[in-house]
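Chemist: turn this into a structure:
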Amino acid sequence: MLIGSRWIQNADGVPDIPLGENVRAKIQQFSLMNKFKKKVIRLVAENLPNDQIDGLKKMFHDMDRDKNGALTFQELKDGLTSIGDQPVADPDIQMFLEAADLDHNGVLNCEEFMTIVVHLKKINNEEQLRKAFHHFDKNRNGYIEFDELKECLFDGHMDPHNEKMVHEIIVDADLDKDGRISYQEFSAMMTTGMDWKMSSR
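Modeler: Below is the predicted model:
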């Protein structure tokens, strides 16, 4: 049984999350995304309207049986099954867990859970994207530049690998090749770019 759509549609206060049988592909897509896209999705998750945040948190806390603030494999499996009314296959649960577990500690905290659910919901809200863009555009000049991206993703700590990663993110998103990311390019990366470019670099 593939993870279906009902478990997300049944979340209190989180209406209109259209998911069909392509959930597995979207989870795989999330795990392949670069660090920048994941951070943007996380920012959007943190800035959702209160009723949606409350709905996602309630879903998380209902699944978190031992109330330790972390979802184990079994809690995730039981939770998704109870919300969706059908058992979810172990490999699908494992894939969901591994994709969402951004700090690689084997369990999901509430922030990680909310981030992947927001990805599954698909981001196309202009206001949410603008807020996320401004988070990265520190000098407010309308562009995300190399140093701003470096600062946000790595707190300014750079080694050659990180520097290469930041450079590649900019090359991927920078459609007019001026060496920086405009809001239009950022928006394209987060909406259409979700499907056609899934760099794990």
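
Chemist: distance-wise, check the residue of the chain most remote from its centre relative to I169.
Modeler: Centroid-distance maximum for the chain: D178 at 27.1 Å, with CA atoms, centre = their mean. D178 sits 15 Å away from I169, going by CB to CB, to the nearest Å. The C-beta positions use only the backbone N, C-alpha and C, and glycine is treated the same way.

Chemist: now swap in P87 and tell me
Modeler: Going from P87 to I169 by CB to CB gives 39 Å.

Chemist: and the two? Which one has more around it.
Modeler: I169 (23 against 13; other CB atoms under 10 Å).

Chemist: so who does that one touch?
Modeler: By CB atoms under 8 Å, 6 or more residues apart in numbering, I169 lies in contact with 34-36, 149, 199.

Chemist: give me phi/psi at I144?
Modeler: Per-residue torsions, I144: phi -100, psi 120 (degrees, to the nearest 10).

Chemist: run through this structure and note the low-pLDDT ranges.
Modeler: The chain contains residues with pLDDT under 70 at 1-21, 85-86, 124, 156, 192-201.

Chemist: mind listing the strands for it?
Modeler: For the chain, the strands defined by DSSP state E cover 143-144, 181-182.

Chemist: if we can go back for a sec, which phi and psi does the residue farthest from the centre of the chain have?
Modeler: When read as degrees, to the nearest 10, the backbone of D178 gives phi -100, psi 10.

Chemist: one more: N105?
Modeler: Note on N105: backbone dihedrals following degrees, to the nearest 10 are phi -100, psi 10.
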